[in-house]
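**Q** pasted the sequence and its predicted model underneath.
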Amino acid sequence: MTTQWRVEGTYFEACTCKGACPCLFGGDPTEGTCDALVAWHIDRGNMDTLSLDGLNLAMALHTPGNMTAGDWQVAVYIDARASQQQHDALVAIFGGSAGGHPATLAGFVGDIRGVESVPMRYDIDGRHHRLEVGDKASASLTAIAGQNGEEVTLHGHPVAVAPGNPGTVAQSEHVSHRGYGLDWSFSGRTAFYSPFQYQAA
């Protein structure tokens, strides 16, 4: 019997690119390589009858060049509030073995440095988003103001973690990660957030 699953919520990304991130359009990172902290906050989700509501998953990643060339190095963090069943479900979904769009993303990963359960917190206050990943990582970002103070959004960008959804362009206040050989701290760089929906193919 095929496993049925679906997750939806908010996707968060903050990286070292400057200005409008060329990675979203298939271009090379502005710094030659790219370091990023990304996360998914699940508002509603399930694997068969197992609820995944309210859980988080984050990744610290390094790409040695163009993101579409793959060979990403990643450290994966699972919300410590997850039961063992929920932990295994999140690993299956976001690790790609359960299929769907995450399987496409997983195909770009060349080296998984580690998978760890840590306390996680994801807060949204209007256009300000903040992520805490235990003592490993933290980030905060705020959407930039566009025309008439409205959000600036990207639609239809070809390299999309959350296809079919507009991404709100933001700027990071701070981003840091320590561990698994992926050590960095930066601010004032590219960031964005968007809704996401993934499901079994």
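**A** Nice, thanks for sending it over. All values reported here derive from a predicted model rather than from experimental measurement.
**Q** quick one: low-confidence parts of the chain?
**A** 1-2, 19-27 (pLDDT under 70).
**Q** where is the longest strand in it?
**A** strand 34-47 (DSSP state E).
**Q** and that one, what's buried?
**A** 34-42, 45, 47 (16 or more other Cβ atoms under 10 Å). Where you see a C-beta, it was placed from the backbone N, CA and C, and this is true even at glycine.
**Q** which other helices and strands contact the longest helix along the chain?
**A** Longest helix in the chain, counting residues (DSSP state H): helix 84-94. Helix 84-94 sits against strand 5-15, strand 34-47, strand 50-51, strand 72-79, helix 101-106, with contacts defined as 3 or more Cβ pairs under 8 Å, 6 or more residues apart in numbering; DSSP states H and E.
**Q** quick one: closest of these to Leu141.
**A** strand 5-15 (5.5 Å; Cβ to Cβ).
**Q** mind listing the strands the closest one pairs with, and their directions?
**A** Paired neighbours of strand 5-15 in the sheet (DSSP bridges): strand 34-47 (antiparallel), strand 190-199 (antiparallel).
**Q** and those strands as TSV, adding distance to Glu132?
**A** Listed next are the strands paired with strand 5-15 as TSV, based on distance: least, Cβ to Cβ, whole Å:
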stretch	distance to Glu132
strand 34-47	10
strand 190-199	16
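**Q** those strands: which one's closest to Ala170?
**A** It is, among those and with distance given as Cβ to Cβ, strand 190-199, at 4.2 Å.
**Q** next one: the longest strand of the chain to chain centre, how far?
**A** 5 Å (Cα atoms, centre = their mean, to the nearest Å).
**Q** now that strand and strand 72-79, what's the angle there?
**A** 40 degrees (axes from the mean of the first three to the mean of the last three Cα atoms, to 10 degrees).
**Q** what's the angle from strand 34-47 to helix 84-94?
**A** 120 degrees.
**Q** thinking again about what came up before, between the buried residues of strand 34-47, which sits nearest Thr3?
**A** Among those, and counting by Cβ to Cβ, the member closest to Thr3 is Met47, at 6.4 Å.
**Q** surely the closest one and Asp53 touch.
**A** No: counting by Cβ atoms under 8 Å, Met47 stays clear of Asp53, with 11.7 Å between them.
**Q** which helix or strand contains the nearest residue to Leu131 once chain neighbours are set aside?
**A** Sequence neighbours aside, Ala139 is the residue nearest to Leu131 in space, at 4.8 Å (criterion: Cβ to Cβ, 6 or more residues apart in numbering). Using DSSP states H and E, Ala139 sits within strand 137-143.
**Q** list the buried residues of stretch 86-106.
**A** In stretch 86-106, residues buried by neighbour count (16+ other Cβ under 10 Å) are 86-87, 89-96, 98-103, 105.
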